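S.K.: Build me a structure from this.
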Amino acid sequence: MKIFVDSANLGEIEEALQRGFPAGITTNPSILSKEEKGDFREHIKKIIGLIEKYGYDIPLSVEVFSTKPEEMVAQAEDFVRHFGAYRNLNVKVPIGWDELAVIRALRRRSVKVNCTCCMSYNQAIMAARAGANYVSLFYGRIRDTGYDAASIVRQVRATLREWSHPSEIIVGSIRHIMDINEALQAGADIVTVPPKFFRQMTQHPKTDEAVQQFVTDFQKWLS
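M.R.: Down below sits the predicted model:
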């Protein structure tokens, strides 16, 4: 069970890294577009700098920003030129018929691939067979279509286990704390989580109540 940080915000990423739990970081063009305008390569380098500052050796996913296969390959090669010194770089490529050839081409170059935007069992299986290191299922968006997202995660997990396949399942598109719980219980290897949920994941009113009672009782005893 792994938790990735789904963010490109340097402050959010640093807060998470300070707390020891991140097993990876995922970004995408939409997430990056929320940050201050500038050279996105320099921004990614700053993320890598934070990872290294805190002594982590974890996957970082950076997504291509084209719908044309030849441009996807060229962008991936550009990522490797700029960020390839970080050995845990992963290039995110969306699922699709032509995109399978992109995954294949990148894997033949030993580029790690995170196949993203998977909304169905068959998409995830095709991505895995093409050689993707990770297949990313979009939990909230799957549920938007009326399907049981947890069932799809379980089905993909069962098939990959049957094949003894090395691809790992990432679940993204997290909208509620319960999405995280359900995805992990359904067999996701990884859940990539927006930072706004991390604090909530550590809180419970009964915990606050218990801690306050312990402190109050001891203070009374001291007095």
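
S.K.: isn't there a helix covering residue 116?
M.R.: No - counting by DSSP: H, G, I helix; E, B strand; the rest coil, residue 116 is not part of a helix but strand.

S.K.: Let me know how buried it is, in neighbour terms.
M.R.: 25 (other Cβ atoms under 10 Å). Any C-beta I mention is one placed from the backbone N, CA and C, and that applies to glycine too.

S.K.: from the chain's centre, how far out does stretch 112-130 sit?
M.R.: Here stretch 112-130 is found 14 Å from its chain centre; the criterion is Cα atoms, centre = their mean, to the nearest Å.

S.K.: Buried residues, it. List them.
M.R.: 112-121, 123-128, 130 (16 or more other Cβ atoms under 10 Å).

S.K.: What of stretch 5-12?
M.R.: 5-9, 12.

S.K.: repeat for stretch 191-198
M.R.: Judged by neighbour count using 16+ other Cβ under 10 Å, the buried positions of stretch 191-198 are 191-195, 197-198.

S.K.: Closest one of these to residue 156?
M.R.: For the buried residues of stretch 191-198, the closest approach to residue 156 (Cβ to Cβ) belongs to residue 191, at 14.0 Å.

S.K.: what secondary structure does the closest one sit in?
M.R.: Secondary structure, three-state DSSP: residue 191 is strand.

S.K.: Widest-spaced pair of the buried residues of stretch 191-198?
M.R.: The two members of these with the most space between them (Cβ to Cβ) are 191 and 195, at 13.0 Å.

S.K.: Name the nearest of the buried residues of stretch 191-198 relative to residue 35.
M.R.: residue 195 (13.2 Å).

S.K.: nearest residue to the closest one other than its sequence neighbours?
M.R.: Nearest residue to residue 195 in three dimensions, chain neighbours excluded: residue 12, at 4.0 Å (Cβ to Cβ, 6 or more residues apart in numbering).

S.K.: Please tell me how far that neighbour sits from residue 169.
M.R.: 24 Å (Cβ to Cβ, to the nearest Å).

S.K.: now do residue 187
M.R.: 7 Å.

S.K.: host element of residue 86?
M.R.: When elements are assigned from DSSP states H and E, residue 86 belongs to no helix and no strand.

S.K.: Model confidence score at it, please.
M.R.: Per-residue pLDDT puts residue 86 at 97.

S.K.: quick one: contacts for it?
M.R.: 48, 51-52, 60 (Cβ atoms under 8 Å, 6 or more residues apart in numbering).

S.K.: let's see 6 Å
M.R.: By Cβ atoms under 6 Å, 6 or more residues apart in numbering, residue 86 lies in contact with residue 48.

S.K.: By residue count, what's the longest helix in this protein?
M.R.: Counting residues, the longest helix in the chain under DSSP state H turns out to be helix 205-222.

S.K.: now that helix: mean pLDDT?
M.R.: Confidence over helix 205-222 (mean pLDDT, whole number) is 97.

S.K.: chain center to that helix, what's the gap?
M.R.: 37 Å.
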